[in-house]
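**Student:** Task: produce atomic coordinates for the following.
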Amino acid sequence: MTDRQVSNIAAHHAIWGKTDQSRRSRGHRRPAWNPLAAHMLDTAACTGQLWDRYLTPGVRLRLAEAFGAGDKERARRTVMFLAGLHDLGKGSGCFQRSFGTGRNDDPGLRGPERAAWRALAGSVGLPRDDRPHEQPSARHEHITAALLPRLLGCECVDCGGTGEENPGLHSVALLLGGHHGHIPDLDTVQRAAGAVPFEDWKPVHEALVSECADLIGVNPDDLPGTVRPERPSVLPVFTGLVILADWIASSDDHFTYRRLDEPPARWWSQSQQQAEAAITDLALDRWLPAPRAWHELFPGSQPRAFQAAALAALPTAGPAMVLVESGTGSGKTRLAFAIAHHLARTCGYQGLFMALPTRAATNQAAGELERFVKHSTDASAVSNLAVVHAAAEASEQVHRLIDASTVRHQNALRSLPDSAAVAAAESGEPGRVVLNPWYLRHSLGLVSPFGVGTVDQVVLVSQRPQHWMLRFLGLAGKTVVIDEAHTYELFRQEMLGATVEWLADAGASVVVLSATLSTAVREALVNAWCAGRRVALKDAGQTGPVAVIDQDGTVRRAGTFDPSADQAPYGRTELRLRPLPGPVTLATHLLREAGDGGVTAVVRNRVDSAVELHSTLRGLAAEHGWHEREIVLLHGRLMGRDRLPIESRLLDVLGPAPDRGRPNPSRPHRLVVVATQIVEQSLDIDFDTLYTDLAPIDLLIQRRGRVHRHSSTCRPAHSHEPMVTVLWQPDSSNLPVVEPPDETVGRPYGNLDGLVYAPYPLAASWHAVARRADKDGRCEFGTDEHSALINEVYGPAEPEPGALGQLLTRTGAAWRAALGTMRDDAETRPVHPFGRTGRHRATAFDLASGKAHGGGRHDGAAGIAARSRLGEPAVECLALYQHTRNGRTYLTYDPQGLLPADTRHHAADTPDRRQRQRDFLLNTLSIPAAWLRPSGTIPHPGDWPKIDRPALRYRHTAILDAGTGRCLSGPRGITYSPAQGLSR
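**Tutor:** Below is the predicted model:
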């Protein structure tokens with residue numbers, strides 16, 4: 001660059017914002033660094049595109065109130081402008097001197113490019129950084145928070161003036177200071193103010209602000225009077241929007257580095273063009289649901305009576321909370337999707353997110369959601385569907401959706417002429433569903449217009465883990481479906497309640513699905529909705545399994561169940577209480593009962609008891625004429641490589657037929673499936689007969705829904721009617737043994753199931769069933785009795801005489817004490833939009849967080865860090881098999897040695913890396929924390945040897961003997977069997 005060219009460069013254009021760490025820009029003969037001003041414009045342009053195409057009308061209205069005095073276009077430009085200023089703090093000596101010092105910076109950036117930039121900065125008069133060791137350092141986002149209010153017109157003492165503080169400008173500055181995931185506290189901001197000589201940098205900062213304002217079309221002088229973000233939900237929505245726009249604008253896939261010899265107006269034009277293409281590429285457009293009747297959304301079916309009644313009860317405008325309580329297999333999921341379709345058309349929602357209790361449950365739900373999304377949109381629509389949990393990349397469906405999102409496919413859709421696009425929209429053909437791999441990044445899955453994942457994603461929203469604002473932005477414009485709501489323990493229920501308050505304030509809708517809810521849980525969710533909406537509940541006392549609470553708090557109930565008109569989950573099920581026999585006796589009975597035909601499930605509370613029964617069954621199989629393949633084991637301590645084929649097989653043979661009105665033609669003559677709780681929540685499969693360990697009543701109700709779930713004309717004689725046998729362990733007084741062994745209280749024997757579920761719900765559930773049973777231990781109950789059973793177990797207890805009363809009193813006191821401790825822990829974590837009592841409106845200062853709050857991945861400080869559940873987390877461990885052949889040792893994914901393990905280094909986001917990531921997830925085991933020393937027998941991960949292979953250096957890895965499955969390196973003391981899973 002010549003001296004004359006340098007002399008024409010404004011000082012503020014010499015501030016670098018990004019460096020070319022990927023070498024992509026230099027590879028295309030473009031600059032090695034991007035001016036800060038250009039990145040600010042890129043971010044502003046992305047914000048504008050997101051406003052127009054991603055944000056819902058309701059969210060835009062709230063932002064208009066906060067940033068434009070109700071004027072939407074004014075607010076749009078203001079939000080774009082403020083988002084662009086997020087990196088203003090990079091205009092500081094402590095940031096600018098870091099050019100070329102990044103961990104991934106190559107020698108070119110460290111040497112000649114750094115020298116050339118420093119020379120340019122000196123030539124154009126950028127403030128010098130002569131004494132770096134004397135000047136305090138601060139993060140650039142905190143410098144933004146410190147300097148921005150005074151640059152935008154605040155004249156308070158902290159801003160160098162003598163006037164009143166402008167709370168709106170200070171709030172926005174704090175929110176922008178959180179664009180790297182944590183909103184800073186005031187002490188952090190005040191320290192950052194000392195890191196920049198304000199007067200030295202003032203002309204440069206003012207030039208940046210002025211240029212950005214001119215190009216976007218904002219008058220900065222108006223901001224002190226119009227920027228008033230007061231509604232609580234606006235605060236995280238605004239910050240989340242800035243984070244999302246910044247991440248998109250930082251992508252080398254979508255944005256190019258600007259040349260200094262180009263005018264800023266051209267930069268702005270390029271920013272707008274590239275932002276438009278980026279939002280299209282990422283399929284970030286709002287859901288535009290086509291008008292569809294039920295049979296079009298779900299081809300081949302018609303709504304059941306309660307489904308039609310529920311849809312008729314929905315409001316014609318505005319958000320709503322909908323609670324649907326009915327048995328498994330009754331059609332709750334389809335109803336939830338239909339409700340979301342209605343709300344998207346009336347509220348303009350960007351999509352929906354479905355939250356489920358387990359990872360395994362999300363895989364099946366993702367398929368159902370994909371089919372629904374296709375049928376809810378026109379052929380011209382491209383919808384992104386994210387699967388959101390830690391092992392998502394192990395799913396074949398995820399990779400199939402990623403393959404569908406190829407650039408060629410997207411470009412082909414964008415290149416449709418207008419006439420073809422109109423024809424596609426009017427054709428009635430279904431839309432397309434894809435997954436851009438960008439959404440697999442941490443915290444981004446909820447941003448996708450459509451998503452399905454674990455409920456952990458939702459409960460983290462109100463706890464301030466890093467980037468929680470981005471998570472909230474993703475949910476604030478959706479219908480959020482919370483499935484299996486009765487299965488969540490008190491801690492997660494408390495976190496869900498806080499999240500519902502935030503969603504209600506933001507204008508989102510919430511659909512809660514459950515077999516049945518206790519009165520306390522139901523009331524807590526409804527009260528959370530009303531607290532977020534700032535309305536009083538108006539309940540006329542109607543009855544029905546579906547409750548619709550509108551935006552004003554008015555409750556409408558709808559739907560009735562007709563057992564004669566609907567399938568078995570609505571009808572009555574015979575339930576039998578039987579003492580738990582030994583494994584040989586039980587196995588023999590199961591093999592004899594189904595010897596002439598029948599599909600039986602045995603649900604055990606613990607993996608160890610499931611493995612023991614499975615081994616016993618296989619040992620007796622030949623004697624009773626059974627083949628080992630007719631006996632299946634399924635539990636959570638199988639690695640995905642072994643578990644997923646089992647789940648796939650069960651879905652194929654025991655799932656619904658393609659034509660749901662007919663029996664599944666692949667259904668086997670006989671089968672015994674021994675499983676843990678995974679089978680009750682994850683798989684849409686049907687059994688003729690079910691045996692279950694004694695469990696809390698809500699889970700017994702859930703398990704009941706796996707019997708006679710689908711249409712079948714081939715039930716064996718012993719199971720013409722749905723039947724569930726509850727196996728319980730009696731003591732000498734013929735009462736259930738529910739407490740685990742405890743030598744400290746003189747109880748050397750007990751029931752280890754009491755370590756899985758609290759003893760009181762086990763005892764109270766047994767009592768609730770036993771009091772209804774006849775002398776043979778039999779009773780019947782149906783859907784209409786679910787609520788009474790739940791409230792009997794979890795509500796206030798009636799005093800009982802004798803030994804039963806002593807058992808219930810003793811275990812009840814311990815249970816309530818544990819709940820109290822859990823409630824205390826839960827109260828310290830979430831932030832409520834209007835305070836815990838509803839009297840304090842949350843401000844930006846209340847949302848401050850930091851490393852102590854963690855990132856939602858079991859980091860952070862004890863008692864403060866965001867958690868999706870309490871208890872010690874399991875240790876995720878990669879398991880590989882070691883083989884030796886001809887003196888050479890090598891690693892594989894399988895014990896047979898047919899799948900070599902890829903432990904090489906791969907560049908980011910290549911097909912080989914994606915395949916390796918999937919293989920690693922398929923070979924990941926979860927080691928219970930209780931197994932680790934000092935309380936257990938397995939070494940702590942910190943003591944495991946490091947493996948000097950590129951892909952394994954920073955992973956917890958177990959090397960298994962290919963022949964025995966015994967651990968050779970890593971968590972010594974474990975053994976893994978593809979047939980029976982992890983053991984110690």
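**Student:** Which secondary structure element is home to the closest residue to D52 other than its chain neighbours?
**Tutor:** The spatial neighbour of D52 that comes closest, neighbours along the chain excluded (Cβ to Cβ, 6 or more residues apart in numbering), is R76 at 7.9 Å. Bear in mind the C-beta positions are built from the backbone N, C-alpha and C, glycine included. According to DSSP states H and E, R76 maps onto helix 72-84.
**Student:** try R258
**Tutor:** With DSSP H and E as criterion, R258 is part of no helix or strand.
**Student:** For it, the count of nearby residues, please.
**Tutor:** 25 (other Cβ atoms under 10 Å).
**Student:** quick one: contacts for V875?
**Tutor:** 926-927, 929, 932, 941, 956, 971 (Cβ atoms under 8 Å, 6 or more residues apart in numbering).
**Student:** Which of these are buried? Put it as a ChimeraX command.
**Tutor:** The following ChimeraX line selects those of those that are buried, judged by 16 or more other Cβ atoms under 10 Å:
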select :927,932,956,971
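**Student:** hang on, the earlier thing: buried stuff in the helix holding R76?
**Tutor:** 72, 74-84.
**Student:** List just the nearest of those residues to D550.
**Tutor:** K72 (24.6 Å; Cβ to Cβ).
**Student:** where does whichever strand or helix holds F95 sit relative to the chain's centre, distance-wise?
**Tutor:** Using DSSP H and E, F95 sits in helix 93-96. Remark: helix 93-96 is offset 37 Å from the chain centroid, using Cα atoms, centre = their mean, to the nearest Å.
**Student:** now for that helix, which elements pack on it?
**Tutor:** helix 140-151 (3 or more Cβ pairs under 8 Å, 6 or more residues apart in numbering; DSSP states H and E).
**Student:** Next, the angle from the helix it packs on to helix 72-84.
**Tutor:** 130 degrees (axes from the mean of the first three to the mean of the last three Cα atoms, to 10 degrees).
**Student:** so what does the very next helix or strand once past helix 140-151 touch, helix or strand wise?
**Tutor:** Sequence order places helix 167-176 as the next helix or strand after helix 140-151, per DSSP H and E. Packing partners of helix 167-176 (3+ Cβ pairs under 8 Å, 6+ apart): helix 72-84, helix 140-151, helix 223-226, helix 234-249.
**Student:** same thing but 6 Å
**Tutor:** On a contact count with 3 or more Cβ pairs under 6 Å, 6 or more residues apart in numbering; DSSP states H and E, helix 167-176 meets helix 140-151.
**Student:** For the residue most central in space within the chain, identify the helix or strand it belongs to.
**Tutor:** Closest residue to the average C-alpha location of the chain: Q457 at 2.8 Å, with Cα atoms, centre = their mean. Using DSSP H and E, Q457 sits within helix 456-459.
**Student:** quick one on the thing from earlier: buried ones in the helix or strand following the helix holding F95?
**Tutor:** Toward the C-terminus, helix 93-96 is succeeded by helix 107-110 as the next helix or strand (DSSP H and E). Neighbour-count burial for helix 107-110 flags L109 (criterion: 16+ other Cβ under 10 Å).
**Student:** just to revisit the earlier point, residues touching the residue nearest to the centre of the chain, list them.
**Tutor:** 388, 446 (Cβ atoms under 6 Å, 6 or more residues apart in numbering).
**Student:** Now do the same for the strand ranked longest in the chain: mean pLDDT, whole number.
**Tutor:** When the chain is parsed with DSSP state E, its longest strand is strand 875-885. For strand 875-885, mean pLDDT rounds to 94.
**Student:** for it, which positions count as buried?
**Tutor:** Using 16+ other Cβ under 10 Å as the test for burial, strand 875-885 gives 875-883.
**Student:** farthest pair in those?
**Tutor:** That would be V875 and H883, which, of the buried residues of strand 875-885, are the farthest apart (Cβ to Cβ) at 25.1 Å.
**Student:** Flag the shaky bits of the stretch 601-750 of the chain, pLDDT-wise.
**Tutor:** For the stretch 601-750 of the chain, the stretches flagged by pLDDT under 70 are 660-661, 681-682, 712-713.
**Student:** try the chain
**Tutor:** In the chain (pLDDT under 70), the answer is 1-7, 130-135, 406-429, 561-571, 660-661, 681-682, 712-713, 908-909.
**Student:** would you say L208 is within a helix?
**Tutor:** Yes - assignment of L208 by DSSP: H, G, I helix; E, B strand; the rest coil places it within a helix.
**Student:** neighbours around L444, how many?
**Tutor:** L444: 22 neighbours (other Cβ under 10 Å).
**Student:** how about the nearest residue to it, chain neighbours excluded?
**Tutor:** Leaving aside its sequence neighbours, L444 sits nearest to W438 (Cβ to Cβ, 6+ apart; 6.6 Å).
**Student:** any idea how far that neighbour is from L282?
**Tutor:** Per Cβ to Cβ, to the nearest Å, W438 is found 6 Å from L282.
**Student:** Of the two, give the one with the bigger neighbour count.
**Tutor:** L282 (24 against 20).
**Student:** Roughly how far does the closest residue to the more buried one other than its chain neighbours sit from P801?
**Tutor:** Sequence neighbours aside, N436 is the residue nearest to L282 in space, at 5.5 Å (criterion: Cβ to Cβ, 6+ apart). Remark: distance between N436 and P801 (Cβ to Cβ) = 64 Å.
**Student:** just H341 next, same as before
**Tutor:** 54 Å.
**Student:** Also Q729?
**Tutor:** 22 Å.
**Student:** contacting residues for E276?
**Tutor:** Contacts of E276 (Cβ under 6 Å, 6+ apart): Q49.
**Student:** Verify the stated contact: Q551 with P319.
**Tutor:** Yes - taking contacts as Cβ atoms under 6 Å, Q551 lies within contact range of P319: 5.3 Å.
**Student:** Comparing these two, which shows the higher neighbour count?
**Tutor:** Using other Cβ under 10 Å, the more surrounded residue of Q551 and P319 is P319, with 25 against 18.
**Student:** now the helices: where do they sit in the stretch 351-500 of the chain?
**Tutor:** For the stretch 351-500 of the chain, the helices defined by DSSP state H, counting those that start in this stretch occupy 359-376, 396-403, 407-414, 418-426, 456-459, 468-476, 490-506.
**Student:** The stretch 601-750 of the chain too?
**Tutor:** Under DSSP H, counting those that start in this stretch, the stretch 601-750 of the chain gives helices at 607-621, 640-654, 678-682, 697-704.
**Student:** and Y794, which of those is closest to it?
**Tutor:** helix 697-704 (8.1 Å).
**Student:** Distance-wise, check L899 relative to E230.
**Tutor:** 58 Å.
**Student:** between those two, who's got more neighbours?
**Tutor:** The neighbour comparison of L899 against E230 (other Cβ under 10 Å) goes to L899, with 16 against 13.
**Student:** Could you list the buried residues of the helix ranked longest in the chain?
**Tutor:** Longest helix of the chain, by residue count under DSSP state H: helix 802-827. Buried residues in helix 802-827, counted by 16+ other Cβ under 10 Å: 804, 807-808, 811-812, 815, 819, 822, 826.
**Student:** out of those, which one sits closest to L208?
**Tutor:** Ranked by distance to L208 (Cβ to Cβ), these are led by A826 at 44.3 Å.
**Student:** In this structure that closest one contacts R492, no?
**Tutor:** No - assessed by Cβ under 6 Å, A826 is found out of contact with R492, at 8.7 Å.
**Student:** From the buried residues of strand 875-885, pick the one nearest R128.
**Tutor:** The closest of the buried residues of strand 875-885 to R128 turns out to be E876 (Cβ to Cβ; 48.8 Å).
**Student:** So what sits opposite that closest one in the bridge?
**Tutor:** S926 (DSSP bridges).
**Student:** one step back: any chance of the buried residues of strand 875-885 in CSV, plus distance to G100?
**Tutor:** As requested, the buried residues of strand 875-885 are exported to CSV (distance: Cβ to Cβ, whole Å):
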residue, distance to G100
V875, 38
E876, 36
C877, 38
L878, 35
A879, 41
L880, 38
Y881, 44
Q882, 43
H883, 45
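**Student:** Kindly provide the distance from S732 to L807.
**Tutor:** 13 Å.
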